[in-house]
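Peer 1: Sequence below, structure please.
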Amino acid sequence: METARIPLQHPRLEALGLGKQYQGQWLFHSWNVVLEIGQGLALTGPNGSGKSTLLQCLGGLIRPDSGTLTWGGQEDPYPACSLAAPYLELPTEYTLDELVRFHFAINPITPGLDPFLHLKQSGLDPQSTRRLKHYSSGMIQKVKLTLALVTDAPLLLLDEPHSHLDRQAQTWFQELLARVMPHRVCVMASNDPQEYQQCAQSFQLG
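Peer 2: Just a heads-up that it's a prediction; the model follows:
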């Protein structure tokens, strides 16, 4: 996750002719999109179609093999982004309180949001002395989502955010997402319409 918001008069994410190869085959090619602040895009498609790869390309976490990606008309630097994904590792030797304080010592908090409050609303106890290595998959997912959603970054990347969440936790996530969506460009990799219900646009790969 990056640490600073880029001040832009007309912030928008624009991909032109974006392409990425894997083992000599194009996962996607000549792909175009324009996303303004407040807009959401769902990337759908079967496993192995390139959803996670395209998601990471849009955040500047993976360089595409062709095309250009600009933020507010600038190719470099990429916008600050926050990410929640299955492949994102957390330092599991930390307690929840230690992790949250460490994360937000180097990343800005969205004004008006309290990470500890939203963790409590998810069903977690921020004051627990339990190490994250003893958390269940669902608990870890709530932590990842809280950090990503509460971080003040203009680009929000979510890869299968409902993973390991029960119905109550999914409702909690969707309500928090609705609060931050108006101030973000949101890109989500998902095949579940309930998961990406707040994304007005979708694109199917594969």
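Peer 1: separation between the residue positioned nearest the centre of the chain and residue 196?
Peer 2: Within the chain, the residue whose C-alpha comes closest to the C-alpha centroid is residue 157; the distance, by C-alpha atoms, centre = their mean, is 2.2 Å. Using C-beta to C-beta, to the nearest Å, one gets 13 Å for the distance from residue 157 to residue 196. Backbone N, C-alpha and C define where each C-beta goes, glycine included.
Peer 1: Show me the common contact partners of the two, please.
Peer 2: Counting by C-beta atoms under 8 Å, 6 or more residues apart in numbering, the residues touching both residue 157 and residue 196 are residue 188.
Peer 1: So what touches the helix or strand containing residue 43?
Peer 2: Here residue 43, judged by DSSP states H and E, is contained in strand 40-44. Strand 40-44 has contacts (C-beta under 8 Å, 6+ apart) with 33, 35, 51, 54-55, 181, 185-191, 196, 198-205.
Peer 1: A strand includes residue 158, no?
Peer 2: Yes. In this structure, residue 158 lies within a strand as judged by DSSP: H, G, I helix; E, B strand; the rest coil.
Peer 1: how many other residues sit next to it?
Peer 2: Other residues within reach of residue 158, judged by other C-beta atoms under 10 Å, total 27.
Peer 1: what number of residues lie near the nearest residue to it once chain neighbours are set aside?
Peer 2: With C-beta to C-beta, 6 or more residues apart in numbering as the criterion, residue 158 has its nearest non-adjacent residue at 4.4 Å, and that residue is residue 188. Residues lying near residue 188 (other C-beta under 10 Å) number 25.
Peer 1: list the contacts for residue 188?
Peer 2: Residues in contact with residue 188 (C-beta under 8 Å, 6+ apart) are 40-43, 55, 157-159, 161, 195-196, 199.
Peer 1: what do you get for residue 67?
Peer 2: Contact criterion C-beta under 8 Å, 6+ apart gives 15-19, 30-31 as the residues in contact with residue 67.
Peer 1: Just those: which are in strands?
Peer 2: In strands, judged by DSSP state E, the following of those are found: 15-19, 30-31.
Peer 1: Out of these, the closest to residue 150 would be?
Peer 2: Each of the ones in strands among the contacts of residue 67 was checked against residue 150 using C-beta to C-beta; the closest is residue 15, at 26.5 Å.
Peer 1: So the closest one is in contact with residue 32, correct?
Peer 2: Yes. If you go by C-beta atoms under 8 Å, residue 15 and residue 32 touch, sitting 6.0 Å apart.
Peer 1: quick one, which of the two is more surrounded?
Peer 2: Higher neighbour count among residue 15 and residue 32: residue 15, with 19 against 10, using other C-beta under 10 Å.
Peer 1: what are the bridge partners for that one, then?
Peer 2: Here residue 15 sits in beta bridges with residue 33, residue 69, going by DSSP bridges.
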